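>>> Sequence first, then the predicted structure, then my questions.
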Amino acid sequence: MKKQVFNPFLPLNVCIPDGEPHLFDGRVYLYGSHDHEGGWTFCMEDYEVWSAPEDDLSDWRCEGITYRASQDPAYPERKYMYAPDVVRGNDGRYYLYYCMSGDYGVGGYTQPISVAVCDTPAGKYEYLGHVQNPDGSLMMRYVCFDPAVLNDNGVIRLYYGTQYGYEESNPGEEWVLKTEQDMFGRTREEILSYPDSINGPVTLVLEDDMLTVKEPPRHVIPYKVKGTSFEEHPFFEASSMRKVGDKYYFVYSSWQNHELCYAVSDYPDRDFTFGGTIVSNGDVGINGRKSDDKLNMTGTTHGSIIEVKGQWYVFYHRLTHKSDYSRQACAEKITIEPDGSIRQVEITSCGLNDGPLRGEGTYPAGICCNLTNGRMPHGCNSVYPIAFPNITNLGEERFIGEIEDGTLIGYKYFDCQGLSAIGVTARYETPENLVVFDGPARIDERSAEELEKFTAPAAEADASGEEDAEGWIDISTSMDGPVICRIGIHGNPNPLGWAECFGLLEEGALPDGVHAFFLRYHGKRKIQLKELHFKGNE
């Protein structure tokens with residue numbers, strides 16, 4: 001029997017965001033950025049590739065470090081490598097495209113696109129050069145950011161770019177030009193030289209040397225979105241292109257910054273029509289859910305779609321550690337309908353699994369797909385100093401921390417047969433086990449606006465001494481459904497120790513079958529959860 005696979009589908013200490021999945025010679029390879037668990041800026045680690053056989057997406061293995069930031073000539077002035085993509089060239093070799101940046105993204109919009117090469121999908125890549133113009137000068141047209149590559153029946157197409165709405169919303173304003181000069185590292189004259197805009201997603205064609213521009217860049221979709229199908233979901237970043245049959249699917253992150261959207265065209269470089277949202281890492285949009293009712297901390301997203309053995313998937317990432325800097329790879333099954341549309345999918349705990357998870361045994365609490373106190377923030381290049389439920393770690397232990405009264409924790413889905421009890425491994429949060437961020441403080445101005453919505457002080461454990469004020473967890477099979485089980489939370493004399501706590505299911509409370517489980521905590525003292533347990537009839 002194949003082992004099960006959860007979301008996130010890599011180990012809980014591995015942070016591979018911005019995932020671009022590709023199928024090469026019978027294996028699915030995940031190329032992405034590499035965050036540091038509990039880090040203080042984007043992409044602090046060197047590129048690490050993971051892969052799985054196409055006939056068993058539960059069997060992921062680490063291929064090791066395939067490329068180091070120190071191999072790029074911009075290092076150490078620019079220390080971090082951002083979202084990459086890989087394509088097989090017409091010569092059969094594999095080419096890695098990426099951009100360099102500094103702390104907190106400083107300078108990330110000012111660099112050329114770098115290229116490395118390897119004879120195998122996940123071997124040791126070697127620096128090759130920068131994307132260049134035919135005269136050998138650096139190709140810096142538009143904003144070189146988040147490159148994606150497609151080998152379109154021998155035509156090598158490169159996609160990249162970012163988009164801010166300053167020019168459209170404030171046409172001719174001098175402050176707009178100043179902002180773009182600072183942001184993109186370009187002169188006023190260069191920015192004004194564009195007949196359309198320096199902003200927006202663009203594409204160009206490369207020569208077979210994988211470096212030299214063969215056809216110059218052009219906008220993929222209109223920069224000006226008002227009055228177009230993109231008006232409600234404009235492009236922001238994270239270009240990715242896939243060919244599905246004879247159609248081109250452009251996958252991207254929108255201005256909402258928590259959703260992957262798609263657009264479709266008969267052509268690779270024009271005439272795209274907005275299709276819809278594929279996935280939101282806060283489940284915003286599912287059943288009409290609004291952003292204020294998000295079911296997780298939301299923030300930056302990046303990913304793409306892939307077909308494996310006849311099943312389509314979307315790869316994306318979630319946020320942990322109350323920041324944008326510890327993002328973990330997730331995936332969901334999707335369906336491309338006969339008319340070419342993709343319906344938005346909810347985020348789940350089972351993701352790549354063949355079906356629901358088995359309602360038996362023990363699972364890490366951190367595979368929850370929903371985690372909210374009812375007022376979760378949106379991340380914007382920051383680590384939040386306020387207290388709210390989050391997936392975190394203390395040394396080698398990984399758990400959900402800062403669970404306060406009213407916190408909802410969701411898991412989807414489990415196939416339950418003869419389930420008699422549900423339990424958790426928990427402990428009360430104390431000054432001794434509270435996770436405290438010890439990196440450089442960082443609150444982006446956009447996150448500062450988010451902070452204004454919160455009245456909670458910086459994270460502090462409850463040290464009131466109410467040792468007898470024990471809490472409990474109510475479990476339902478829907479967010480607002482009836483309680484089927486109650487788990488009393490009892491303490492442990494050792495603040496670093498854990499206690500297993502169980503609640504019995506009344507006979508007939510849970511029929512056999514596939515269920516979601518939503519845990520709602522009640523109590524004056526905050527708790528932490530490490531594991532979720534299922535017990536059947538003995």
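Thanks, I have the structure now.

>>> So for this protein, the centremost residue is which one?
The residue lying closest to the centre of the chain (C-alpha atoms, centre = their mean) is residue 317, at 1.9 Å.

>>> That one sits in which helix or strand?
Using DSSP states H and E, residue 317 sits within strand 311-319.

>>> pretty sure the residue nearest to the centre of the chain is in contact with residue 326, am I right?
No: if you go by C-beta atoms under 8 Å, residue 317 and residue 326 don't touch, sitting 10.0 Å apart. Any C-beta I mention is one placed from the backbone N, CA and C, and that applies to glycine too.

>>> Just the residues contacting the lowest-mean-pLDDT helix or strand in the chain, thanks.
Lowest by mean pLDDT, DSSP states H and E among the helices and strands of the chain is helix 445-451, with a mean of 81. With contacts defined as C-beta atoms under 8 Å, 6 or more residues apart in numbering, helix 445-451 is touched by 377, 378, 379, 380, 381, 382, 384, 386, 443.

>>> Quick one: buried ones out of these?
Taking 16 or more other C-beta atoms under 10 Å as the criterion, what is buried in those is 377, 378, 379, 380, 381, 382, 384, 386.

>>> List the beta-bridge partners for the last one.
What it means is residue 386. With beta bridges defined as DSSP bridges, residue 386 has these partners: residue 458.

>>> As a check, name the ranges of all helices in the stretch 101-250 of the chain.
Secondary structure of the stretch 101-250 of the chain (DSSP state H, counting those that start in this stretch): helices located at 166-169, 174-184, 188-192.

>>> and the strand or helix carrying residue 330, how far from the chain's centre?
In this assignment (DSSP H and E), residue 330 forms part of strand 327-334. Centroid displacement of strand 327-334 relative to its chain, using C-alpha atoms, centre = their mean, to the nearest Å, is 8 Å.

>>> Which strands and helices lie in contact with it?
Judged by 3 or more C-beta pairs under 8 Å, 6 or more residues apart in numbering; DSSP states H and E, strand 327-334 is in contact with strand 273-280, strand 311-319.

>>> List of residues touching that strand?
7-10, 12, 14-19, 21, 30, 32-33, 35, 50, 278-279, 281, 300, 305, 311-320, 342-343, 345-348, 351-352.

>>> Please, a ChimeraX command that selects the buried ones among these?
Buried residues within the contacts of strand 327-334, by 16+ other C-beta under 10 Å, are selected in ChimeraX with:
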select :7,8,9,10,12,14,15,16,17,18,19,21,30,32,33,35,50,278,279,281,300,305,312,313,314,315,316,317,318,319,320,342,345,346,347,348,351,352
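
>>> Any figure for the gap between residue 414 and residue 91?
48 Å (C-beta to C-beta, to the nearest Å).

>>> Residue 266 now?
29 Å.

>>> How about residue 117?
For residue 117, the distance to residue 91 - C-beta to C-beta - is 9 Å.

>>> now swap in residue 484 and tell me
59 Å.

>>> Redo the helices and strands packed on strand 327-334 as a markdown table? Include mean pLDDT.
Listed next are the helices and strands packed on strand 327-334 as a markdown table, based on pLDDT from 0 to 100:
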| stretch | mean pLDDT |
| --- | --- |
| strand 273-280 | 98 |
| strand 311-319 | 98 |
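
>>> Would you map the strands across the stretch 401-538 of the chain?
Here the stretch 401-538 of the chain has its strands, by DSSP state E, counting those that start in this stretch, at 408-416, 419-428, 472-476, 485-488, 499-504, 513-522, 527-536.

>>> thinking again about what came up before, lowest-confidence entry in the contacts of helix 445-451?
Lowest pLDDT among the contacts of helix 445-451: residue 443, with 86.

>>> the strands in the stretch 151-300 of the chain, which residues?
Applying DSSP E, counting those that start in this stretch to the stretch 151-300 of the chain gives strands spanning 155-160, 202-206, 213-219, 235-244, 247-254, 259-265, 273-280.

>>> any chance of those in a markdown table, plus distance to residue 73?
Shown next, in a markdown table, are the strands of the stretch 151-300 of the chain (distance: least, C-beta to C-beta, whole Å):
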| stretch | distance to residue 73 |
| --- | --- |
| strand 155-160 | 19 |
| strand 202-206 | 20 |
| strand 213-219 | 20 |
| strand 235-244 | 24 |
| strand 247-254 | 28 |
| strand 259-265 | 32 |
| strand 273-280 | 36 |
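
>>> which regions of the stretch 101-250 of the chain lie under the pLDDT threshold?
Residues of the stretch 101-250 of the chain meeting the criterion pLDDT under 70: none.

>>> Could you list the low-pLDDT ranges of the stretch 301-450 of the chain?
For the stretch 301-450 of the chain, no stretch has pLDDT under 70.

>>> Report the distance from the strand holding residue 317 to the chain centre.
Offset of strand 311-319 from its chain centre (C-alpha atoms, centre = their mean): 8 Å.

>>> before we move on, what about stretch 510-519?
The answer for stretch 510-519 is 27 Å, by C-alpha atoms, centre = their mean.

>>> Run through who's touching that stretch.
Contact with stretch 510-519 is made by 356, 359, 370, 408-419, 422, 424, 473-479, 481, 484-485, 529, 532, as judged by C-beta under 8 Å, 6+ apart.

>>> Then stretch 261-272?
The list of residues contacting stretch 261-272 from outside it, by C-beta under 8 Å, 6+ apart, reads 150, 152, 155, 157, 203, 218, 220-221, 229-230, 233, 241, 243, 246-254, 273-278, 305, 340, 342.

>>> re the thing from before, including mean neighbour count, could the helices of the stretch 101-250 of the chain go into a markdown table?
Output for those, formatted as a markdown table (neighbours: other C-beta atoms under 10 Å):
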| stretch | mean neighbour count |
| --- | --- |
| helix 166-169 | 16 |
| helix 174-184 | 15 |
| helix 188-192 | 13 |
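
>>> which one of those helices lies closest to residue 430?
Across these, the minimum distance to residue 430, taken as C-beta to C-beta, is reached by helix 174-184, at 43.9 Å.

>>> Does anything pack onto the closest one? Which helices or strands?
Applying 3+ C-beta pairs under 8 Å, 6+ apart, one finds that helix 174-184 contacts helix 166-169, helix 188-192.

>>> How about residues contacting it?
Helix 174-184 is contacted from outside by 109-110, 143, 164, 166-167, 170, 186-188, 191-192, 198, using C-beta under 8 Å, 6+ apart.

>>> out of these, what pair is the most spread apart?
Spatially, the most separated pair among those is 110 and 170, at 22.4 Å (C-beta to C-beta).

>>> So if I had to pick from those two, which one is more boxed in?
residue 110 (20 against 12; other C-beta atoms under 10 Å).
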